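S.K.: predicted coordinates and the sequence they were generated for:
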Amino acid sequence: MTATPTPRPTHPLGRFASPVLLLVAMWVVQFADAVLPGSFTGFGLRSWEISGLGGIVLGPLLHANWQHLIANSVPFLVLGCLVAVEGARRFWAVTAIVAVVGGLGTWIVNAPGTLTIGASGLVFGYFGYVVMRVFAPGRVAHRILYAIIAVVVVALYGGSMVAGVFGVAEGISWQGHLFGAVGGGLAALIGRRPRVERGALAR
């Protein structure tokens with residue numbers, strides 16, 4: 001009788017590799033943008049232009065300057081790691097949904113020709129996801145702790161959440177923040193595991 005090999009357990013910190021790698025990619029892109037001729041920002045999300053839809057993927061990796069990237073880095077890493085607690089697959093699935101929903105919403109609502117770049121849409125998407133997960137099955141203490149951390153991070157991020165979502169701060173894409181948060185909430189609903197009824201037989 002051949003014994004089935006037992007899979008090696010992954011290191012607990014390994015699940016955080018995904019948000020770290022994505023953040024590293026943003027820093028590499030910003031460094032390349034700083035040293036190479038021209039500017040990468042033109043590859044961002046440009047509203048109402050079909051060619052600008054590529055910014056749904058590229059826009060979150062691009063930043064106007066180092067200050068912009070630094071301001072996004074800490075909240076992105078903290079909230080991204082809260083999402084990644086559930087695994088790499090869940091992190092990338094949430095990231096994809098937030099990018100598409102947030103990008104399309106911004107592309108439609110923004111004024112034609114408006115260029116949107118930066119990871120703040122993902123930040124607010126992760127925030128929306130973590131908050132919505134409070135209502136999902138699981139350990140209540142952990143879910144509430146994650147939500148509290150998310151609220152604190154976003155409240156401190158960029159001055160205030162209200163300014164970011166409702167456009168109080170000049171030059172900030174409230175559309176990207178708002179639709180990013182909507183995408184995060186939608187990702188939480190899509191990824192919600194069905195409750196198992198007590199007494200149900202396993203097959």
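M.R.: That came through, no problem. Residues are numbered from 1 along each chain as shown.
S.K.: and the end-to-end length of stretch 135-145?
M.R.: One end of stretch 135-145 to the other measures 13 Å (C-alpha to C-alpha, to the nearest Å).
S.K.: just name the shakiest helix or strand of the chain by mean pLDDT.
M.R.: helix 161-166 (a mean of 48; mean pLDDT, DSSP states H and E).
S.K.: which stretches of the protein have low pLDDT?
M.R.: Along the chain, segments meeting pLDDT under 70 span 1-13, 136-141, 157-171, 193-203.
S.K.: now do the helices in it.
M.R.: 17-35, 55-58, 66-84, 88-109, 120-132, 140-156, 161-166, 174-190 (DSSP state H).
S.K.: mind checking which of those helices is nearest residue 42?
M.R.: Closest to residue 42 of the helices of the chain, according to C-beta to C-beta: helix 55-58, at 9.4 Å. No exception for glycine: its C-beta is placed from N, CA and C like everyone else's.
S.K.: send me the closest one as PDB with only the CA atoms.
M.R.: Output of helix 55-58 as PDB, limited to C-alpha atoms (Å, rounded to 0.1, in the frame of the first residue of the first chain):
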ATOM      1  CA  GLY A  55      -5.200  51.800 -17.100                       C
ATOM      2  CA  ILE A  56      -7.500  49.400 -15.200                       C
ATOM      3  CA  VAL A  57      -4.400  47.100 -15.000                       C
ATOM      4  CA  LEU A  58      -1.500  49.600 -15.200                       C
END
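S.K.: report all helices and strands that that helix contacts.
M.R.: Using 3 or more C-beta pairs under 8 Å, 6 or more residues apart in numbering; DSSP states H and E, the elements in contact with helix 55-58 are strand 45-46, helix 88-109.
S.K.: mind putting those in JSON lines, distance to residue 38 and mean neighbour count included?
M.R.: Shown next, in JSON lines, are these (distance: least, C-beta to C-beta, whole Å; neighbours: other C-beta atoms under 10 Å):
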{"stretch": "strand 45-46", "distance to residue 38": "16", "mean neighbour count": "26"}
{"stretch": "helix 88-109", "distance to residue 38": "23", "mean neighbour count": "20"}
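S.K.: would you check how far apart the residue most central in space within the chain and residue 111 are?
M.R.: In the chain, the centroid-proximal residue (C-alpha atoms, centre = their mean) is residue 122; its distance is 2.9 Å. For residue 122, the distance to residue 111 equals 22 Å [C-beta to C-beta, to the nearest Å].
S.K.: just residue 73 next, same as before
M.R.: Taking C-beta to C-beta, one finds residue 73 at 28 Å from residue 111.
S.K.: the more surrounded of those two?
M.R.: Taking neighbours as other C-beta atoms under 10 Å, residue 73 and residue 111 compare with residue 73 leading, 16 against 8.
S.K.: without its sequence neighbours, what residue ends up closest to that one?
M.R.: Sequence neighbours aside, residue 23 is the residue nearest to residue 73 in space, at 6.2 Å (criterion: C-beta to C-beta, 6 or more residues apart in numbering).
S.K.: any figure for the gap between residue 20 and residue 176?
M.R.: Applying C-beta to C-beta to residue 20 and residue 176 gives a distance of 23 Å.
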